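[1] I need the structure of the sequence given here:
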Amino acid sequence: MSHVIGIDIGTSGIKVGAMDKKGELDFICYSPYSLLYPKKEQIEIDVNQVWEKTKVLLLEVFKKVSKQGSVDAISLSTFCNTSVFLDEEGNALGNGIMYLDQRSKKEAELIRDLVGDEKLQKITKNRLEPGMFSVTTLLWSKNNEINLYNKTYKWGNLSTFILSKLTGEFVMDWTQASFSGIFDMVEYNWSKELCEIIGIDQSILPKVVDPLEVIGFSDIFSDVNLMKEIPVIAGGADTACSTLALGIKPNELFESIGTSNVLTVCTDNSTNMDIRFLNRCHIIKGQWLSHGAMSTPGAAVKWYSNTFLSEKDILEETAKQSPIGSNGVFFLPYMQGERSPIWDPNARGVYVGLHLNTTKEDMFRGILEGCAFGLRQIYEIIQSEYRTDFRNIQAIGGGSKNRVWAQIKANVLNETIEIKSISETGVYGACLVASVAVSYFNSFEDAQCQIKNETVDIITPQKESVLRYNELYHLFNELYPLLKTFFKKANY
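    Next comes the predicted model:
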């Protein structure tokens, strides 16, 4: 049976899987990798390592598929964003610079001064923040690494690099370009006006493409098979692909929990996108996605587990050993600055309320509760600024499998959370894009009817806990304003 292959590159690992014409997702393979921390405020990724690992996984999945049939297309899903500087051959001129990287604070301020927040927000539908909107990193390179900048033939992100390795073409789909800081979200193209004001040479920008576009053909499997070259479809950003895989329609939302924790709402109204969120074009033209994105909840859980817990400690059991309110411990989950809703690159993680009887269980539960309180701040913005129509909040990602955390969130939000069976929605979404591009299905609506992503658990709010968490939430909201000036003065 014929299949399409989807590649999903997240911030800690790579997944590759295949989907057949019936919508069945098979043969998922995974490989982890680690981020790099070369200097204070700098976070990078070895894109060549990622490419080598991706090739191995692609070959592994291809061999499994070829026992049953052919591969008809490859498509891509990657996190946003990583700045990558490329030469004419598509070789990376250095490590990719991650969205969490804070080296371009001065450049972000400079761009705001040159352009003005009003114009930036009118064109890009976003605020401008260092690293997260990658034009700041591009300008940093121009100002601080002129040799690198002068050698650059094309600048793009991780997807630009991977797709160039597969096809030799330099492109960026519109879901990815939305987070560049120089992209017109309504016109679906680079903003000539912004590039001129900021001083960006448009010749180094990749071509903006539709996620469904066949951008070229790959001979990556030529050494193991004599089959024809395989079409490569542009694909999209990971949350955009996940939105597609979950069948989210305008005015619906879902939660994704990995390194970050994000509430995503879909809209068909380009004039109603709150700038406290990350806003982007959806894969489907005429629809947009607003992401209330906390940067490091999943990373904070991993940090605590790796630093303070033993291999014998079970995360869910650890959290259960502390009561609601974590015995008076509060946690601000800003381990590497924060995006929604405070947008403060100087903010950091803080424990408040530690005492001599505080246990490691209290501190761990404090992380789970602090992240849930941050999620509620985002949810309240969605409730007040967006028109929504949904039954339950669908939850995906590795963190969604932690039932204790899901119960805390259900109580804090006072909403029912629906945990889905398939966490590989980035892979699934990439496969759906490929399947429509090569006519497995006539439309995304037809494709979504075939999706087999069952609900594995439904977490409902507990009345008494909801009331208690309401009290604690209002206390939590007092913490960051009291520390904001301190964070700025400390200037981590």
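[2] Report the secondary structure state of E169.
    coil (DSSP: H, G, I helix; E, B strand; the rest coil).
[3] List phi and psi for it.
    With angles defined as degrees, to the nearest 10, E169 sits at phi -100, psi 150.
[4] surely it meets E213?
    No. In this structure E169 lies outside contact range of E213 using Cβ atoms under 8 Å: 10.0 Å. In short, each C-beta sits where N, CA and C put it, glycine included.
[5] for this protein, which helix is longest?
    helix 463-490 (DSSP state H).
[6] Roughly how far does the closest residue to W51 other than its chain neighbours sit from L58?
    Excluding the flanking residues, the one nearest W51 by Cβ to Cβ, 6 or more residues apart in numbering is K165, at 5.5 Å. With distances taken as Cβ to Cβ, to the nearest Å, K165 is found 11 Å from L58.
[7] Between the two, point out the one with more neighbours.
    Legend: neighbour count by other Cβ atoms under 10 Å for K165 and L58, higher for L58 (21 against 18).
[8] quick one: low-confidence ranges for the stretch 101-250 of the chain?
    Applying pLDDT under 70 to the stretch 101-250 of the chain picks out residues 224-227.
[9] the strands in it, which residues?
    Here the stretch 101-250 of the chain has its strands, by DSSP state E, counting those that start in this stretch, at 154-156, 171-173, 183-184, 189-190, 207-209, 214-218, 230-237.
[10] So what touches the second one?
    Think strand 171-173. 156-157, 159-160, 163, 180, 205-211, 213, 215, 234-237 (Cβ atoms under 8 Å, 6 or more residues apart in numbering).
[11] same deal with the fifth one?
    If you take Cβ under 8 Å, 6+ apart as the criterion, strand 207-209 is touched by 169-174, 177, 183, 188-190, 215, 234.
[12] Direction included, what does that strand pair up with?
    In the sheet, strand 207-209 lines up against strand 171-173 (parallel) (DSSP bridges).
[13] Quick check: end-to-end length of stretch 377-393?
    15 Å (Cα to Cα, to the nearest Å).
[14] Can you point out the buried residues in it?
    377-379, 381-382, 386, 392-393 (16 or more other Cβ atoms under 10 Å).
[15] need those in JSON lines with secondary structure and pLDDT, can you?
    Conversion of the buried residues of stretch 377-393 to JSON lines gives the following (DSSP: H, G, I helix; E, B strand; the rest coil; pLDDT from 0 to 100):
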{"residue": "Q377", "secondary structure": "helix", "pLDDT": "98"}
{"residue": "I378", "secondary structure": "helix", "pLDDT": "97"}
{"residue": "Y379", "secondary structure": "helix", "pLDDT": "97"}
{"residue": "I381", "secondary structure": "helix", "pLDDT": "96"}
{"residue": "I382", "secondary structure": "helix", "pLDDT": "95"}
{"residue": "Y386", "secondary structure": "coil", "pLDDT": "92"}
{"residue": "N392", "secondary structure": "coil", "pLDDT": "92"}
{"residue": "I393", "secondary structure": "strand", "pLDDT": "94"}
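[16] ok, those residues vs I146, which is closest?
    Here the nearest of these to I146, counting by Cβ to Cβ, is I378; it sits at 39.3 Å.
[17] Would you mind measuring from that closest one to F133?
    I378 is 19 Å from F133, by Cβ to Cβ.
[18] just checking, which of the strands of the stretch 101-250 of the chain sits deepest inside the structure?
    Counting by mean count of other Cβ atoms under 10 Å, strand 230-237 has the highest mean neighbour count of those, with a mean of 29.
[19] And the residue most central in space within the chain, its phi and psi?
    Nearest residue to the geometric centre of the chain (Cα atoms, centre = their mean): F79, 4.6 Å. Dihedral angles of F79 (phi, psi; degrees, to the nearest 10) stand at phi -70, psi 160.
[20] What strand or helix carries S256?
    Using DSSP states H and E, S256 sits in strand 253-257.
[21] Report the rounded mean pLDDT for that strand.
    Average pLDDT, strand 253-257: 93.
[22] swap in stretch 412-420?
    On average, stretch 412-420 scores 95.
[23] Let me know whether I324 touches Y469 as I believe.
    Yes. With contacts counted by Cβ under 8 Å, I324 reaches Y469, the gap being 6.9 Å.
[24] Just want to know which of these two has more residues nearby.
    Y469 (26 against 16).
[25] how about the helices in the stretch 101-250 of the chain?
    105-115, 117-124, 135-144, 146-151, 158-167, 174-177, 192-198, 238-245 (DSSP state H, counting those that start in this stretch).
[26] Looking at those helices, spot the one closest to S222.
    Of all those, helix 158-167 comes closest under Cβ to Cβ, at 12.4 Å.
[27] would you put the C-alpha positions of the closest one in CSV?
    Taking C-alpha atoms only, helix 158-167 is exported to CSV below (Å, rounded to 0.1, in the frame of the first residue of the first chain):
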residue,chain,number,x,y,z
LEU,A,158,15.2,25.0,10.3
SER,A,159,12.6,24.0,7.8
THR,A,160,14.4,26.1,5.1
PHE,A,161,17.6,24.1,5.8
ILE,A,162,15.9,20.7,5.9
LEU,A,163,13.9,21.3,2.7
SER,A,164,17.0,22.6,1.0
LYS,A,165,18.8,19.4,1.9
LEU,A,166,16.0,17.4,0.4
THR,A,167,15.4,19.4,-2.7
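[28] And the contacts of it?
    7, 9, 45, 47, 50-51, 54, 74, 76, 78-79, 81-82, 84, 86, 90, 92, 96, 154, 156, 169-173, 176, 206, 215-218, 220, 232, 234-235, 237.
[29] one step back: residues in contact with the residue nearest to the centre of the chain?
    By Cβ under 8 Å, 6+ apart, the neighbours of F79 are 9-11, 99, 158, 237-238.
[30] All the strands of the stretch 351-492 of the chain, in order from the start?
    393-396, 417-420, 455-459.
[31] related to what we said a few turns ago, give the other helices and strands that the strand holding S256 contacts.
    Here strand 253-257 touches helix 238-245, strand 261-267, strand 393-396, going by 3 or more Cβ pairs under 8 Å, 6 or more residues apart in numbering; DSSP states H and E.
[32] could the ones you listed be laid out in CSV, adding distance to I451?
    Output for the helices and strands packed on strand 253-257, formatted as CSV (distance: least, Cβ to Cβ, whole Å):
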stretch, distance to I451
helix 238-245, 6
strand 261-267, 16
strand 393-396, 12
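[33] Please identify the deepest-packed of these.
    Among these, highest average neighbours (mean count of other Cβ under 10 Å) belong to helix 238-245, with a mean of 29.
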